[in-house]
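[1] quick one: sequence plus predicted model below, questions after.
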Amino acid sequence: MSKFNALQKNRRSIYSIGKNVTLSQDQLTALIKDAVREAPSSFNSQSSRAVILFGAEHERLWNIVLDTLRSMIPAEAFAATETKVNNCFKAGFGTVLYFEDQEVVTGLQQQFAAYADNFPIWSEQASGIAQYAVWLALAEAGVGATLQHYNPIIDETVAKTWGIPASWKLRAQMPFGSIEAAAGEKTYMDDEQRFKVFG
């Protein structure tokens, strides 16, 4: 097994995270920036954007999620949701918010009309690659993370709270922190269902 494959296996959804990370905010910021910066994108569009939240700002995000969900979930069912958000996401050290800049996408659509329908798809692919790159980098550093999708219900509040440009479209949230409990065993479907090899 290659070092990269070993890293892939080590990257898991870690729901039990805490604030006991060994890296500083500056080190984590540099790690995240480097991973996003080096992630490939179609036409080298570099459409991915990231907002990194630490401390009170990280907690503010998850309070926004809770306040939003409280208005949508029946009161008798909200306790379980609140526990999950507090223990699995808010308990962490920080959060990365992933965006795709739609101004870049529309600019490419205008510049390369023959591919116009594909640029939104390629933008989503670029975002996924950037997210995975950061996740791998965090895993290599011994930091646990998960990928969450509370967009679009929090988009407007997030944009107002942190002054996000109107062209940035929120795609995912990645809470991260110290690994307080390991992930469960991962299962795999049969290769015959996923792969075809010829030649």
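    On my side now, so go ahead.

[2] residues in contact with residue 138?
    31, 32, 144, 145, 176 (C-beta atoms under 8 Å, 6 or more residues apart in numbering). In short, each C-beta sits where N, CA and C put it, glycine included.

[3] now do the buried residues in the helix with the most length in the chain.
    Ranked by residue count, the top helix of the chain under DSSP state H comes out as helix 119-140. Neighbour counts over helix 119-140 (16 or more other C-beta atoms under 10 Å) mark 119-120, 122-123, 126-131, 133-139 as buried.

[4] also stretch 90-106?
    Using 16+ other C-beta under 10 Å as the test for burial, stretch 90-106 gives 90-102, 104-105.

[5] average pLDDT for that stretch?
    Mean pLDDT, stretch 90-106: 98.

[6] ends of it, how far apart?
    35 Å (C-alpha to C-alpha, to the nearest Å).

[7] quick one: which of the contacts of residue 138 sit in helices?
    Judged by DSSP H, the subset of these located in helices is 31, 32.

[8] nearest to residue 115 among the contacts of residue 138?
    Nearest to residue 115 among those is residue 32, at 29.6 Å by C-beta to C-beta.

[9] list the residues that contact the closest one.
    Taking C-beta under 8 Å, 6+ apart as the test, what residue 32 contacts is 50, 52, 96, 134, 137, 138.

[10] restrict the helix or strand that contains the second one to CA atoms and write it as PDB.
    Assigned by DSSP states H and E, residue 52 falls within strand 48-54. Taking C-alpha atoms only, strand 48-54 is exported to PDB below (Å, rounded to 0.1, in the frame of the first residue of the first chain):
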ATOM      1  CA  SER A  48     -13.000  27.600  -4.700                       C
ATOM      2  CA  ARG A  49     -13.100  29.900  -1.700                       C
ATOM      3  CA  ALA A  50     -12.700  29.100   2.000                       C
ATOM      4  CA  VAL A  51     -13.500  30.900   5.200                       C
ATOM      5  CA  ILE A  52     -11.800  29.500   8.300                       C
ATOM      6  CA  LEU A  53     -13.400  30.000  11.700                       C
ATOM      7  CA  PHE A  54     -11.800  29.600  15.100                       C
END
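
[11] quick one: residues in contact with that strand.
    Strand 48-54 is contacted from outside by 25, 28-29, 32-33, 36, 39, 41, 60-61, 93-101, 126-127, 130, 134, 162, 164, 168, using C-beta under 8 Å, 6+ apart.

[12] much appreciated, bye for now.
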